[in-house]
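**Q** okay, sequence plus prediction incoming.
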Amino acid sequence: MSSIASSRLLTTLTVIVCLCCSGFVLMFGNNHAKLPATIEDPVISFTWDGKAPPIEPSSWRNDQYKDLEDKEIVRLIIEEGLTLWSEVDGSYLRLKLAEVDESITEKLDSIHSITIAKVDENSSTLTAGYARPFPDPHNSSIIIDCDIVITGRKQTAKNLARVIFHELGHCVGLGHPHESFTSLMSYSSAGELSLKADDMAGVFFLYPESDDHSFSDIYGSACGSLGIYYKNHSPSQTNHLWLIILLSLPFIIRISSRHISA
Ligand SMILES: [Zn+2]
C-alpha cells in the first residue's frame, strides 16, 4: 500500500472514530421529556419487585457475583445502573433504589418500577427487556412514570446489566442513537458497560446542574470531551482520555504513515 493510500485510509478511520460519538437522541424528540427531578429535589426512586431471573454463573467483573444468589445479583446490578446515570459531571440527576415492593406492577401509577416478567413458555418472543416512560398528559415534558420490565429467562449477569443500564437510559429520557456504535443507548452490544460521551451529553442536556453556560458551548466543543470546558467541575478521567486520543490522532496518523511506507 502506498503512503498516500495508507494515509487516506487512516484519515477515513479518524473521521469514522469522530462520527461514532455523533450525538444523543431524546426519547420524545424535541419535547425534551425528562424525569421530574429538579436541582432542589434531584432524587428519583425506582421500586424493584425483588424478583430475579435465573442467572448463569459468569466470570464477569472478576467473579464477584459467582457465589451470590440471583436476587442479590439483580439488586447489585440495579444499584450499579442507578449510580451510573447519577454520576454525570454537570448533571444534578440522582437515581436511587427504593424499598423492595413485591406487589409492584407495570402500570400507570407514578411509581417508577423495575419488574421481572414471568416467562411464557408458549411465546417465542425473546425480548430481553423494555422500558415504558409515560409523559404527563398535562405536561409532556415530564416523565411521570417509567416502568422497566426484564425478561425472566435465564441469562448472564453481564447481559442483565446491559439491559438494565440501557432501559434506565430510556427512563432518563434518552432514545436510540442509530448512528452511534459506542453509546449505551445504541443497539451495539460491544464494549464496556459504561456511559459514553453521547450518553453523558444527553443527561447533561436534560438535567444541567447550572444554567450559567450555554449547552452548545460545551457539547459542541469537541467530540467526546463533555465537561472539559465546564468551569465549575473537574472533568473525569474518561473525558480527559477522549480528548487526549482525539488530539493525538494527527500524530498517530503521521507516524503510522511513515511506518507503512518504510
Ligand atoms: Zn432501547
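**A** Happy to help now that I have it.
**Q** what about stretch 89-103, how long is it end to end?
**A** Distance across stretch 89-103, first residue to last, is 35 Å (CA to CA, to the nearest Å).
**Q** what sits against the closest residue in space to residue 116 that isn't next to it in sequence?
**A** Using CB to CB, 6 or more residues apart in numbering and skipping the chain neighbours, the partner closest in space to residue 116 is residue 51 (3.9 Å). Quick note: C-beta positions are derived from backbone N, CA and C, even for glycine. Residues near residue 51 by CB atoms under 8 Å, 6 or more residues apart in numbering: 71, 74, 102, 115, 116, 152.
**Q** which residues sit in contact with the third one?
**A** Under the criterion of CB under 8 Å, 6+ apart, the contact list for residue 102 reads 49, 50, 51.
**Q** tell me which of those residues is nearest to residue 156?
**A** Nearest to residue 156 out of the contacts of residue 102 is residue 51 (CB to CB; 17.5 Å).
**Q** hang on, the earlier thing: name the nearest of the contacts of residue 102 relative to residue 134.
**A** residue 49 (18.3 Å).
**Q** circling back to that earlier point, which of the contacts of residue 51 fall within helices?
**A** Mapping these onto helices (DSSP state H) picks out 71, 74.
**Q** which one of the contacts of residue 51 is nearest residue 161?
**A** Looking across those and measuring by CB to CB, the closest to residue 161 is residue 74, at 9.7 Å.
**Q** burial measure for that closest one, as a count.
**A** 25 (other CB atoms under 10 Å).
**Q** please report the distance of the closest residue to residue 23 other than its chain neighbours from residue 44.
**A** For residue 23, ignoring the flanking residues on the chain, the nearest one in space by CB to CB, 6+ apart is residue 198 at 6.1 Å. Taking CB to CB, to the nearest Å as the measure, residue 198 falls 21 Å from residue 44.
**Q** and those two? Which one has more around it.
**A** Between residue 198 and residue 44, residue 198 has the larger neighbour count (other CB under 10 Å), namely 26 against 22.
**Q** does that one count as helix, strand or coil?
**A** helix (DSSP: H, G, I helix; E, B strand; the rest coil).
**Q** just the one 4 residues further on next, same as before
**A** Secondary structure assignment for residue 202 (three-state DSSP): helix.
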